[in-house]
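Undergrad: Sequence first, then the predicted structure, then my questions.
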Amino acid sequence: MTLQNRRIAKELKRRLSEVVDLLDFRVFGSRARGDADEYSDMDVFIEVESLDKVLRQKIEHIAWEIGFKYLIHISTLVFTRYELEDSPLRASPIVKNIYEEGIIL
């Protein structure tokens, strides 16, 4: 991950922490692997205790603001602890990939 991508992700994490307790925050995909091009989005995995429509909108809005500031699209993948521990989602290939290759910040 480039220094600039790390800065963007850390700013996003800091801003999100102001509105929600983050249980996990990881960057995954091409920006984490270091093979992104100038048009690649930043994929971010976020785990929270609970999630409703209002909180999801706040998360998306903050991601949009940070992305706008740095001219990058930030894609958020938000899950609750329940979804990751007690639902079929825990066996999802994307979740397994994020846990294996995602960069924890």
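TA: Arrived safely. Numbers count the residues shown, from 1 in each chain.

Undergrad: Nearest residue to Gly67 in space, please, no chain neighbours.
TA: Once its chain neighbours are removed from consideration, Gly67 has its nearest residue in Ile74; the separation is 4.2 Å (Cβ to Cβ, 6 or more residues apart in numbering). Backbone N, C-alpha and C define where each C-beta goes, glycine included.

Undergrad: Wait, the one you found touches Leu12, no?
TA: Yes: A contact is recorded between Ile74 and Leu12 when judged using Cβ atoms under 8 Å, the distance being 6.6 Å.

Undergrad: These two - which one has more neighbours?
TA: Between Ile74 and Leu12, counted using other Cβ atoms under 10 Å, the more crowded position is Leu12 (25 against 22).

Undergrad: Just to confirm, what confidence does the model report for that one?
TA: The predicted local distance difference test score for Leu12 is 98.

Undergrad: Give the full set of residues in contact with it.
TA: Neighbour list for Leu12: 44, 62-63, 66, 74 [criterion: Cβ atoms under 8 Å, 6 or more residues apart in numbering].

Undergrad: List the contacts of whichever helix in the chain runs longest.
TA: Longest helix of the chain, by residue count under DSSP state H: helix 53-70. When contacts are taken as Cβ under 8 Å, 6+ apart, the neighbours of helix 53-70 outside the stretch itself are 4, 8, 11-12, 15-16, 19-20, 42, 44, 46, 48, 73-76, 78.
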